[in-house]
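*Asks:* Sequence plus the predicted model coming up.
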Amino acid sequence: MAAGALVVALTAACGSSGGSGQSDASTSGVPASPGHQTVTSPSAGSLHGIILGIDGDTSVKLEALDPGTGQVTAVREFPTAQAAEEPLNPRNSGAEARQAFNSDFTELSATGPQQSDGSQAAGYLDTTGQFHALTANPSGFTNPVTNTALAFNPVTGRLWYQSSDGNKTWYESVNPNAGADSARHETLKQAANVDYENPTYFAQDGFGPVQTLGGGVLYMPGGPELDYWSDASGAWLVEGGYGQYNLNNSPLSIYPAGITPTLLLPVSKASFIIIGTGNDYSATLYICTLSGHNVRCHPLVPVTNNHFGDVVLNPAHKVLAFTATVGQEESLFTVKLGTDGPYQPTKVLTFDPGQLAGGYWLLDWLS
């Protein structure tokens, strides 16, 4: 990926269009931008604002975006030559990719290169690209042990990793500040009817690691778990406890009827963000409230045919940032949270596609 910051468009309010299938983020009604801003010398210091993660050929780059202007205010880069695999792939969402980093974005979880005896260590990369191994090569195994980094627990800060000797697999975690001597065995917290093949995500309150997201499961702060699935006979949204949902539970009733939810992000123990898709394949972002056996959803932006991507909340949980593809452009927008929408979103920037070819994620919104 080319060095330097993203090329971004000047902030402009989005045009409003309320009908089904109309683009809420179209360029109609938006004043013509006088040009593009290229931030040529952003700071390499602390990160504030909306944090964008960009996966390149030789590094993972973080860019801090001013939520009002779209300017890049800081850049942090992690060269990945010493990692055995791409640290951010195959994470499906910004929520998952966020936990590849520690709390202050100074460490990127990674699996080290294979050693001459076949073993591999789990650890992290720093911003110089140096790999720091956090696992010791255990004794008592006939075969070499490979340790694969999974994710940082957002509450404890411990790095979890998966270990295998080729015959069996187990899980451990380590305190990055204390090193390999702090390693301990961990037990996955999962339901008997669930196979967590890639447990690389923790709930906001630290529960996990649990299965990757992908829009079909949501872990609410404090314990509720929402699970959506469908088959030829219909579709259901079921509430359960972390790792204890039952597909035979009575499904929740979603209002308005007729929308198919893609579960995105919890806001509180009882509210969450979804993409709601109608029978005509139009879609929009909703904020939904869980009350008893009912889920009531309120549109945040007008219904559109656009493709929605990652979402992050501002620190006060009053504003939502989201990515959307509008025509051939991938852009970043913000919209306020509320239940009397839809609201008119604000376009913050349009991404330069040449610098995002390897993949990108909205990771966080820092004060």
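*Replies:* Cool, got the structure. Residues are numbered from 1 along each chain as shown.
*Asks:* What is the burial count for residue 310?
*Replies:* 22 (other Cβ atoms under 10 Å). C-betas here are computed from N, CA, C, even on glycine.
*Asks:* looking at it, it is touching residue 359, isn't it?
*Replies:* No. Counting by Cβ atoms under 8 Å, residue 310 stays clear of residue 359, with 11.1 Å between them.
*Asks:* Can you give me the domain boundaries for the protein?
*Replies:* Split into domains by automatic domain parsing, the chain comes to 15-39+215-352, 80-212.
*Asks:* can you give me the strands in the stretch 151-300 of the chain?
*Replies:* For the stretch 151-300 of the chain, the strands defined by DSSP state E, counting those that start in this stretch occupy 159-164, 169-174, 184-186, 217-219, 224-231, 234-241, 253-255, 260-266, 271-277, 283-291, 294-299.
*Asks:* now the domains of the chain as a markdown table including mean pLDDT and distance to residue 45?
*Replies:* Conversion of the domains of the chain to a markdown table gives the following (pLDDT from 0 to 100; distance: least, Cβ to Cβ, whole Å):
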| stretch | mean pLDDT | distance to residue 45 |
| --- | --- | --- |
| domain 15-39+215-352 | 79 | 14 |
| domain 80-212 | 88 | 12 |
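*Asks:* Out of these, which gets nearest to residue 73?
*Replies:* For residue 73, the closest of the domains of the chain is domain 15-39+215-352, at 7.8 Å, according to Cβ to Cβ.
*Asks:* returning to that earlier point: quick one: closest of the domains of the chain to residue 70.
*Replies:* Here domain 15-39+215-352 is closest among the domains of the chain (Cβ to Cβ), at 3.2 Å.
*Asks:* Quick check, pLDDT for residue 46.
*Replies:* Per-residue confidence (pLDDT) for residue 46: 88.
*Asks:* The strands of the stretch 151-300 of the chain: which one's closest to residue 62?
*Replies:* Proximity to residue 62 (Cβ to Cβ) singles out strand 159-164 among the strands of the stretch 151-300 of the chain, at 18.3 Å.
*Asks:* Tell me the neighbouring strands of the closest one, and mark each as parallel or antiparallel.
*Replies:* strand 146-152 (antiparallel), strand 169-174 (antiparallel) (DSSP bridges).
*Asks:* Would you tell me which one of those is buried the most?
*Replies:* strand 146-152 (a mean of 24; mean count of other Cβ atoms under 10 Å).
*Asks:* quick one: contacts of it?
*Replies:* Applying Cβ atoms under 8 Å, 6 or more residues apart in numbering, the external contacts of strand 146-152 come out as 87, 96, 99-103, 107, 109-111, 114, 118-124, 135, 158-165, 171-172, 176, 199-202, 209.
*Asks:* Also stretch 319-330?
*Replies:* Contacts for stretch 319-330 (Cβ under 8 Å, 6+ apart): 23, 25-27, 50, 67, 273, 285, 300, 304, 306-314, 331-337, 345, 348, 350-351, 353, 356, 362, 365.
*Asks:* Could you identify the buried members of those residues?
*Replies:* Neighbour counting over the contacts of stretch 319-330 (16 or more other Cβ atoms under 10 Å) leaves 23, 25-27, 50, 67, 273, 285, 300, 304, 306, 308-314, 331-335, 337, 345, 348, 350-351, 356, 362, 365 as the buried ones.
*Asks:* ok, for residue 107, nearest residue in space, not its chain neighbours?
*Replies:* Nearest residue to residue 107, sequence neighbours excluded (Cβ to Cβ, 6 or more residues apart in numbering): residue 124, at 4.0 Å.
*Asks:* Show the contacting residues for that neighbour.
*Replies:* 102, 107, 108, 109, 110, 131, 132, 134, 149, 159, 176.
*Asks:* The same query, at a cut-off of 6 Å, please.
*Replies:* Residues in contact with residue 124 (Cβ atoms under 6 Å, 6 or more residues apart in numbering) are 107, 108, 109, 110, 132.
*Asks:* Mind checking which of the contacts of strand 146-152 are in helices?
*Replies:* Assigned to helices by DSSP state H, the following of the contacts of strand 146-152 qualify: residue 96.
*Asks:* if we can go back for a sec, mind putting the strands paired with strand 159-164 in CSV, distance to residue 296 included?
*Replies:* Below are those laid out as CSV (distance: least, Cβ to Cβ, whole Å):
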stretch, distance to residue 296
strand 146-152, 32
strand 169-174, 38
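*Asks:* right, so of those, which gets closest to residue 183?
*Replies:* Using Cβ to Cβ as the measure, strand 169-174 is the one of the strands paired with strand 159-164 that comes nearest residue 183, at 4.6 Å.
*Asks:* Give me the contact list for that closest one.
*Replies:* 134, 158, 159, 160, 162, 163, 182, 183, 185, 186.
*Asks:* Check those and tell me the two furthest apart.
*Replies:* 162 and 182 (17.4 Å).
*Asks:* Of the two, which one has the most company?
*Replies:* The neighbour comparison of residue 162 against residue 182 (other Cβ under 10 Å) goes to residue 162, with 21 against 13.
*Asks:* ok, now how distant is the residue nearest to the more buried one when sequence neighbours are not counted from residue 172?
*Replies:* Using Cβ to Cβ, 6+ apart and skipping residues adjacent in sequence, the residue nearest residue 162 is residue 148, 4.7 Å away. For residue 148, the distance to residue 172 (Cβ to Cβ, to the nearest Å) stands at 11 Å.
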